[in-house]
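# Sequence and predicted structure, then a few things I'm wondering about:
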Amino acid sequence: MDQIAETPSLPAGFRGAIACRRGADALTLSGFAADRADEVLILTFVSPLPADLPESLSDATVSALDERHWRIASESRDWIVAATSLHVHRDIGKAFYRAIPPRPTPLAKRLLWRAVMALAASRAGKRLLLSLRGR
């Protein structure tokens, strides 16, 4: 019985410059996601590192060859990474804060910190703040 070869799935695509950071037994790729505007994508491969991978890539894609092997394809060339695991993280901070804006600071707290900063700007004010802190 013949098996139908599956096309490699594309878990991640990057747009623009990608930083490649090497750890003890990990390789981390981070850059902007190709499929979502202004979203940072971070991939961490837990594995021995390919020796010839540069410090940065451009417009790369990562596809699965099987459950333990991944292909990193860039404009210049391809690398095969044998990883025990792959962790995919998307930084959704910008989208989160667009949907749920931060709570405004109460007026009393803003006035208090403005006064503290004004005192800290002068020599006499610094002495007063240090004496209040010593109590």
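Received it, and whenever you're ready, just let me know what you need.

# how far away is the closest residue to D38 other than its chain neighbours from A121?
Leaving aside its chain neighbours, D38 sits nearest to K94 (5.8 Å; criterion: Cβ to Cβ, 6 or more residues apart in numbering). For every residue, glycine as well, the C-beta is placed using N, CA and C. Remark: distance between K94 and A121 (Cβ to Cβ, to the nearest Å) = 34 Å.

# which one of these two has more residues nearby?
Per other Cβ atoms under 10 Å, whichever of K94 and A121 has more neighbours is K94, with 12 against 9.

# mind checking which helix or strand the more buried one is in?
Using DSSP states H and E, K94 maps to helix 93-99.

# helices or strands next to the longest helix along the chain in the packing?
Determined from DSSP state H, the single longest helix within the chain is helix 107-120. Packing partners of helix 107-120 (3 or more Cβ pairs under 8 Å, 6 or more residues apart in numbering; DSSP states H and E): helix 123-133.

# Need the phi and psi values for D25.
Taking degrees, to the nearest 10, you get phi -130, psi 40 for the backbone angles of D25.

# ok, it touching P48?
Yes. Checked against Cβ atoms under 8 Å, the pair D25 and P48 is within contact range at 6.8 Å.
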